[in-house]
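**Student:** please find the sequence and the predicted model below.
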Amino acid sequence: MQTRILTYILGCLNLLLVFLVSFNNMLALPDALQWSGRLHPMLLHFPLALLFITAIAYLFWPAERNNPVFSAVFALASFTAVISALSGLFLSHSGEYDPALLTRHKWLGTDISIIAFLLWISRDVKAWKSILVIIALPVLVFGGHYGAALTHGEDYLDWPGNNTTTQQVSITDSSLVYASMIQPILEAKCYSCHNEKKAKGQLIMTSLASLMKGGKDGPLWIAGDALNSHIVQRMQLSEEDKKHMPPRGKPQLSQKEKVLIELWIASGADTAKRIAGYPASDTLRKILAGFITRGQEQRYTMAAASASTIRDLNTPFCTVAPVAEGSPALAVTFTVRGGFTSQQWKAIAALKEQVVNINCANMPLKDEDLSILKDFSNLETLILSGTDILGDGLKYITQLPKLRHVAVSSTKVSADKLKPLASAPALRTVYCWNSGTSLKDSATLAQVNPRIRWDFGKGNDPNELVRLTPPQVKDLEHPILDGGKLLVLRHPMPGVQIRYTLDGAVPDSTSSPLYKDPVRISNACRLRAIATRPGWLTSDTTDMTLFVRSAKPVFAKLLTKPDSNYKLNGVTSLLDEKKGEMNNIRENWLGFHGLNCEASFTFAQPTAFREVVVSTLKKTGPHILPPRLIELWAGNDSTQLKKIASIVPVQPQKYEADKIEAQVLKNDGAYRYYKIKAYPVPALPKWHDSRGKKVWIFVDEIFFN
Amino acid sequence: MQEDLNRYRLNVSRRKFLTSAGLGLGTIGLGSLLTPGLFNGKGIDEAALTAGLPHFAPKAKRVIYLFQNGAPSQLESFDYKPLLTEMQGKDLPASIRMGQRLTGMTSVQEKFPLVGSKFKFAQYGQSGAWVSELFPKTASIVDELCIIRTIHTDAINHDPALTFFQTGAQQGNRPSMGAWLSYGLGSENKNLPSFCVLLSKGRGNGQGVYSKLWTNGFLDSVHQGVMFSSGDDPVLYLKDPEGQDRMDRRSMLDKLGKLNEMAYEDFGDPEIHNKISQYEMAYRMQTAVPELTDISRESDDIIRMYGADALVPGTFAANCLLARKLSEAGVRFVQLYHQGWDQHGNLVGEMPMQANDVDRASAALVMDLKQRGLLDETLVIWGGEFGRTNYCQGTITKDNYGRDHHPRCFSMWMAGGGVKPGIVYGETDEFGYNIVKDPVSVHDLHATILHLLGLDHEKLIFKHLGRRYRLTDVEGKLVEGLIA
């Protein structure tokens, strides 16, 4: 009876376990239960040991297999297994575990509990027991292993010596030779006796200025003359010599270091020269090339932040993410000026150990906000470009031990405010282009600390003039203006003057009318406009033909046939007020290949138009040229028309830009019947690749004004 | 994705659970023992494919790809071949052509008259790279650039070649490179798509670009490229309809979100969650996008650097400036296309215009990034879909010629993001027709780009239709020589 109750209890507990494990995602635990999870590390050893010993005993002493003591052990094992599995599950809810490992451990733990339970039920069935015991062993080993990996870390069993933690400074082609190669040698081998406090032989080597000053025997080196330089002479003396440096008993310069120093002095001892600055054939360059690292991957050793902290700090406007999979180091990016809040900024202080990279470009960040950064002991890169800082806040970051790169481009930070940064111990680059500094500050700043590269950018060549863009015509989808429509010109750059002409003349930057207010257009005309601004080159000319809405004939007819590919709706296409585009000759254009374009128009009564405007296309590439000649015929008897006007459009003399042109024919009286005749150029001219071939005429509209 | 599928499988009723539980608890236990993690997502295979973080510490975090659509001629830009000028008009030797397939546009030509560059070349910078006079600004920054002269591709026509560059396959059903990176690296800025597309048009002979080039393919739709246009609405459909204010929008989204959440509980379709998060992102983009496209905060110096075009939306210069701003704001992949580089004829007339459009702004972008301390973590890529032939298409005239498509070798450049600066990589033969040293295939280029971003191209996999897909398909090897 008791055994049966025990079986029920164990069965129910196992069922509960499987249920909870399966729906783990939806499980919410009261605090008390979550606390009970902490018993897991203690409880788990019971089933582990019991099952392990049972399995061993079972396998090695077959005679004892039916010993009733096993039943008791199975009961105990099953009970402790299910309890410890449940407590483990509760413990897992405190978060902070590697999810992949956790899943494996969770299921293997559940399996152990189930196997123990099955062992208990089948305690009287020999065959079952043997199978279960054999299954139990590997499950125990792996379940236990993953559990241990969860608490002690996956590398707990790594062979000693495999986990190197040294950080290597990467040296590239663009590294400063002095800052990256020479200074570190001096720092390691000389600073200990030649610093501000100790200054043996009155020589201080810790700053470039004091190095240049030298000690009691004068300057340390003569640029370009290695053999007469003190430092070289001293280091080349034999170690027994009293004047040899470093003195006996102190760490000595290696052969390679000596060669480097000597060659560097011989080549001019230039503190601002980069590795790439030396010719490829130079011996120094060849030696330096050996030091260039392939940017060794850095390994970070700080403790990882908890997953929940990282999760909480991730908001739509702030992204916190590891720099690489599995790395404890974090990069923080703030985005969207409108979404930036100072609480959110302050909140990242919770990660002061882990953050190595902060990008808050263009955020409304103030100087005072930088105060939270003073404890960011691993911060390496700080991008402050485009923020609202003025520079006073930089004092909070001058002592950060790992800070290597700071960007204050596009801020108002001035050179004096940058100076304190020079004391930052690891700082290498300050990007101060387009800030409150100017190029002439670069010399003073470079003096402060030669290890730091102050990047003022290449900047623009002050002597180079850049061309403005041409003025734009506003809101003009097609250039057919109503009588009353105003022409509005504009330019995207503030401070630009627009000058224009409407008679086709080339606009001049001094004498042509200056555009101030919108202009009323009443005739078809050619607009040409330029933009000017002091310090910039005058823009190219905006060149556009404007048309004015016209009277409509009652009847119109094409007298010649357009090409079948470009015939559209025949003559109505010429009067529909739909202008064609230069780049789309399939729409709104009528094309005539080697033929005249002739059309007649009839008005209800004789009308005295000022002018008739034919809109034609010039597109030299695909053989579309302006007509050779256009004639206007008119009269009040449809059979007796006379030639009123003719024009000879200007022909291109080479490949030219595409253009829509207004061919204006002056009228001289009131007529009812009008006729237009446009004659093509007989053959493509000599300058054209396809010289001699037939020429196209393209017409999209005819206006009667 | 796998996780969603499993969550869907777990989305069962109590009755269903008890029925299947009746099969025996042991089965479940054993099942999970055989495939650990059966219930939480990653199967054994998938363990390697964690998405959303770089596999190792990356050199670059972001990419700006300045695609020169239409294929600019390498022979008038970065691959200097004086021999072609010497042999002007002579026929291309068959020993050089070696039966290479040609496009239908020149395969009918009886002669293949060699033609040299009409534009002068000179050496620049410490690297001594040869650059033509068409690209003076690019020439002035060659020491920042890694010029590759030996890219080669499999395709010979625009559409397949472009598709190949963007997706690693010519057919156009695969995810675009930007989508792969969005999938592989996740987003730095949750208020903008991690893959943005900007288009501009030159005045030269153009070829089309289409949205299939920035598709997410079989990846989740959140990885799709989003095109910014040049008009008043840089991102279409982003503005609230008239009469709706921000509060209305918010409460509408909240209610819609609840309804969608209910639908998700019923169906378990992960696309529902994608939809919710896309609506939310669009809501935040309503703040983020106007901020980005507003260039009034940029100084006169910057406009001077990019050229005055930078103030005219829709130009290449404006797009470069916008790309810098997008990249600075954490957008993983900004894809520009500049059309108009297809100079089959009138190369002498068109190429200077095209080069003039892009030269100043491309160089300005590189320097602008550098001067902000962002070039180290931003990879800039410049290049077309293939090269152009060393012989003339049609007949050579006194002062003009044209060039047909040439997939066997062409030039590109990259800058920043961990590529070696100031080098010229690879060599072509004297005719500029074949590669003689250090070829780089499109797959190799992809593998290298992924590497720079901290991704192993063999591990960035997505399983689809029973097969594991990669950007580099089954090829691609890292080009060590390009990496700093």
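**Tutor:** Nice, I can see it. Numbering: from 1, shown residues only, chains lettered A, B, ... in the order given.
**Student:** how much space separates the nearest residue to A:Pro247 once chain neighbours are set aside from A:Trp107?
**Tutor:** Distances taken as C-beta to C-beta, 6 or more residues apart in numbering or on different chains put A:Cys193 closest to A:Pro247, at 7.9 Å, once the chain neighbours are dropped. (C-beta placed from N, C-alpha, C; glycine too.) A:Cys193 sits 63 Å away from A:Trp107, going by C-beta to C-beta, to the nearest Å.
**Student:** among those two, which residue is more densely surrounded?
**Tutor:** More crowded of A:Cys193 and A:Trp107, by other C-beta atoms under 10 Å in any protein chain shown: A:Trp107, with 26 against 16.
**Student:** can you pull out the low-pLDDT segments for the chain?
**Tutor:** You didn't say which chain, so I picked chain A. For chain A, the stretches with pLDDT under 70 are A:95-96, A:155, A:158-174, A:280-281, A:286, A:289-299, A:459, A:475-478, A:482-484.
**Student:** I was thinking of chain B, sorry if that wasn't clear
**Tutor:** B:1-53.
**Student:** show me where it has helices.
**Tutor:** B:2-10, B:14-21, B:25-34, B:82-86, B:94-97, B:136-140, B:158-167, B:177-185, B:246-267, B:270-293, B:300-306, B:316-328, B:347-371, B:442-452 (DSSP state H).
**Student:** relative to A:Asn463, which of those helices is closest?
**Tutor:** Proximity to A:Asn463 (C-beta to C-beta) singles out helix B:300-306 among those, at 12.1 Å.
**Student:** and the closest one, what's buried?
**Tutor:** B:Ile302, B:Ile303, B:Arg304, B:Met305, B:Tyr306 (16 or more other C-beta atoms under 10 Å in any protein chain shown).
**Student:** now narrow these to whatever sits close to chain A.
**Tutor:** Contacts with chain A within the buried residues of helix B:300-306, as defined by C-beta under 8 Å from any C-beta of the partner chain: B:Ile302, B:Ile303, B:Arg304, B:Met305.
**Student:** ok, the first one touching B:Asp368?
**Tutor:** Yes: B:Ile302 sits in contact with B:Asp368 when judged by C-beta atoms under 8 Å, with a separation of 6.9 Å.
**Student:** one step back: tell me the SS of the residue nearest to A:Pro247?
**Tutor:** Put simply, A:Cys193 is coil when judged by DSSP: H, G, I helix; E, B strand; the rest coil.
**Student:** residues contacting it?
**Tutor:** Counting by C-beta atoms under 8 Å, 6 or more residues apart in numbering or on different chains, A:Cys193 touches A:Lys200, A:Pro246, A:Pro247, A:Lys250.
**Student:** wait, which of the residues you listed is closest to A:Val473?
**Tutor:** Of those, the one sitting nearest to A:Val473 (C-beta to C-beta) turns out to be A:Pro246, at 76.5 Å.
**Student:** against A:Glu240, how distant is that closest one?
**Tutor:** Distance from A:Pro246 to A:Glu240, by C-beta to C-beta: 14 Å.
**Student:** and what of A:Lys198?
**Tutor:** The value you get for A:Lys198 to A:Glu240, if C-beta to C-beta is used, is 24 Å.
**Student:** re earlier: tabulate the ones next to chain A among the buried residues of helix B:300-306 (JSON lines), appending distance to A:Glu656.
**Tutor:** Below are these laid out as JSON lines (distance: C-beta to C-beta, whole Å):
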{"residue": "B:Ile302", "distance to A:Glu656": "34"}
{"residue": "B:Ile303", "distance to A:Glu656": "30"}
{"residue": "B:Arg304", "distance to A:Glu656": "30"}
{"residue": "B:Met305", "distance to A:Glu656": "31"}
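**Student:** name the nearest of these relative to A:Lys129.
**Tutor:** Using C-beta to C-beta, those come closest to A:Lys129 at B:Ile302, 80.0 Å.
**Student:** which ones are touching the closest one?
**Tutor:** Counted by C-beta under 8 Å, 6+ apart, B:Ile302 has contacts A:Asn434, B:Ala310, B:Leu321, B:Asp368.
**Student:** hmm, try it at 10 Å
**Tutor:** A:Ser410, A:Trp433, A:Asn434, A:Asn460, B:Ile295, B:Ala310, B:Leu321, B:Arg324, B:Ala364, B:Asp368 (C-beta atoms under 10 Å, 6 or more residues apart in numbering or on different chains).
**Student:** list only buried entries from those residues.
**Tutor:** A:Ser410, A:Trp433, A:Asn434, B:Ile295, B:Ala310, B:Leu321, B:Arg324, B:Ala364, B:Asp368.
**Student:** how close does the closest residue to B:Ala263 other than its chain neighbours sit to B:Asn205?
**Tutor:** Closest residue to B:Ala263 apart from its sequence neighbours, by C-beta to C-beta, 6+ apart: B:Ile272 at 5.6 Å. Using C-beta to C-beta, one gets 46 Å for the distance from B:Ile272 to B:Asn205.
**Student:** quick one: B:Arg408 and B:Val436 touch, right?
**Tutor:** No: the pair B:Arg408 / B:Val436 is not scored as a contact, 11.5 Å apart, by C-beta atoms under 10 Å.
**Student:** okay, and the common contacts of those two?
**Tutor:** Common neighbours of B:Arg408 and B:Val436 (C-beta under 10 Å, 6+ apart) are B:Thr150, B:Thr428.
**Student:** who's more crowded, the two?
**Tutor:** Each of B:Arg408 and B:Val436 has its neighbours counted (other C-beta under 10 Å); B:Arg408 has more, 21 against 12.
**Student:** need the nearest residue in space to the more buried one, chain neighbours excluded.
**Tutor:** Closest residue to B:Arg408 apart from its sequence neighbours, by C-beta to C-beta, 6+ apart: B:His152 at 5.5 Å.
**Student:** the one you found contacts B:Val440, doesn't it?
**Tutor:** Yes: counting by C-beta under 10 Å, B:His152 does reach B:Val440; the two are 7.3 Å apart.
**Student:** which residues do the two both contact?
**Tutor:** Common contacts of B:His152 and B:Val440 (C-beta under 10 Å, 6+ apart): B:Cys409, B:Gly426.
**Student:** so who does the spatially closest residue to B:Asp233 that is not a sequence neighbour touch?
**Tutor:** Distances taken as C-beta to C-beta, 6+ apart put B:Lys239 closest to B:Asp233, at 6.3 Å, once the chain neighbours are dropped. Shown in contact with B:Lys239 (C-beta under 10 Å, 6+ apart): B:Asp232, B:Asp233, B:Gln286, B:Val289, B:Pro290.
**Student:** any of these buried? List them.
**Tutor:** Buried members of these, counted by 16+ other C-beta under 10 Å: B:Gln286, B:Val289.
**Student:** let me have the contacts of B:Lys239 in TSV, extended by distance to A:Ala49.
**Tutor:** As requested, the contacts of B:Lys239 are exported to TSV (distance: C-beta to C-beta, whole Å):
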residue	distance to A:Ala49
B:Asp232	75
B:Asp233	70
B:Gln286	62
B:Val289	63
B:Pro290	67
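**Student:** what's the closest of the contacts of B:Lys239 to chain A?
**Tutor:** B:Pro290 (8.8 Å; C-beta to the nearest C-beta).
**Student:** that'll do, ta.
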